[in-house]
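S.K.: Here's a sequence, model it:
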Amino acid sequence: MVNSKRIVAVVVTSLSLGISSLAVAGTRPVSPTEVPRAVVAAVSERYPNAQGVQFAREMGHGKTVYAVRLAVAGAPTQLCVAQSGGIEREQQAVAPATLPAPVQQSLVASGFKSAEVVAAQRTTRSGQLAIYELVVAFAGSEHQVTFDAQGELVTAPTSGSCVGEPGATSDRVASAPTAPATSTTQTSA
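M.R.: Purely as a prediction, here's the structure:
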């Protein structure tokens, strides 16, 4: 049911697009020497074996945050790190088979029961709130659907931006998906 090559390609593409779109939102790539020590230390402590670490400084709404893109054991990962070194958001590609049981059950119970999960990503904010963003192939097109760890549908998708992101402080949660054609799903671009 799961095509692992497509998973990596879609998630890498979506994470790459997130960093690329940051450039439009007041972000610029920076070298590690331009990054506060607290940010570099937080990334190194959290992921001592990370590969391909890239930094970008994002400024908006009177706030400066560092977007960090890296690979952890081959999984594309993106972090939003405050100047103080606090990791505010972490997004990491995950294998669909490792999704929490409530997420898998909600997907089966939804209008996407026969859909193929082509990509999955876990997002945590401040190390607490976990949501799972899925790209599913259904009826000839791909859709994005997002659940929290308890399997509830999240209607406010995350953005690639580290500052000023809609739903960053509290995602709105709906009851459960009813069909793929509802307004709670998005067609992937």
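
S.K.: quick one: secondary structure of T33?
M.R.: For T33, the assignment made with DSSP: H, G, I helix; E, B strand; the rest coil gives helix.

S.K.: residue ranges of the helices in this structure, please?
M.R.: All helices of the chain, identified by DSSP state H, fall at 4-24, 37-46, 101-109.

S.K.: what's the burial count for the nearest residue to R125 once chain neighbours are set aside?
M.R.: Leaving aside its sequence neighbours, R125 sits nearest to R89 (C-beta to C-beta, 6 or more residues apart in numbering; 5.2 Å). Quick note: C-beta positions are derived from backbone N, CA and C, even for glycine. The tally of other residues near R89 (other C-beta atoms under 10 Å) stands at 21.

S.K.: now swap in A109 and tell me
M.R.: The burial count for A109: 13, using other C-beta under 10 Å.

S.K.: Could you tell me the model confidence score at it?
M.R.: Note for A109: predicted pLDDT of 89.

S.K.: same question, the one 3 residues further on
M.R.: On the pLDDT scale, F112 is placed at 82.

S.K.: That one contacts Q144, doesn't it?
M.R.: No: between F112 and Q144 there is no contact under C-beta atoms under 8 Å: 10.8 Å.

S.K.: hey, what's in contact with both of the two?
M.R.: Common neighbours of F112 and Q144, using C-beta atoms under 8 Å, 6 or more residues apart in numbering, are V136.

S.K.: Quick check on these two: which one has the bigger neighbour count.
M.R.: Higher neighbour count among F112 and Q144: F112, with 22 against 17, using other C-beta under 10 Å.

S.K.: How is the chain divided into domains?
M.R.: 4-88, 96-187 (automatic domain parsing).

S.K.: Lowest average pLDDT across the ones you listed?
M.R.: By mean pLDDT, the lowest-scoring of the domains of the chain turns out to be domain 96-187, with a mean of 73.

S.K.: wait, what's in contact with the closest residue to T77 other than its chain neighbours?
M.R.: The spatial neighbour of T77 that comes closest, neighbours along the chain excluded (C-beta to C-beta, 6+ apart), is Q92 at 4.5 Å. By C-beta under 8 Å, 6+ apart, Q92 lies in contact with V72, A75, P76, T77, Q78, Q121, R122.

S.K.: Could you dump the residues you listed into CSV with neighbour count and distance to Q128 added?
M.R.: Output for the contacts of Q92, formatted as CSV (neighbours: other C-beta atoms under 10 Å; distance: C-beta to C-beta, whole Å):
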residue, neighbour count, distance to Q128
V72, 17, 20
A75, 17, 21
P76, 21, 22
T77, 24, 18
Q78, 24, 18
Q121, 26, 17
R122, 20, 13
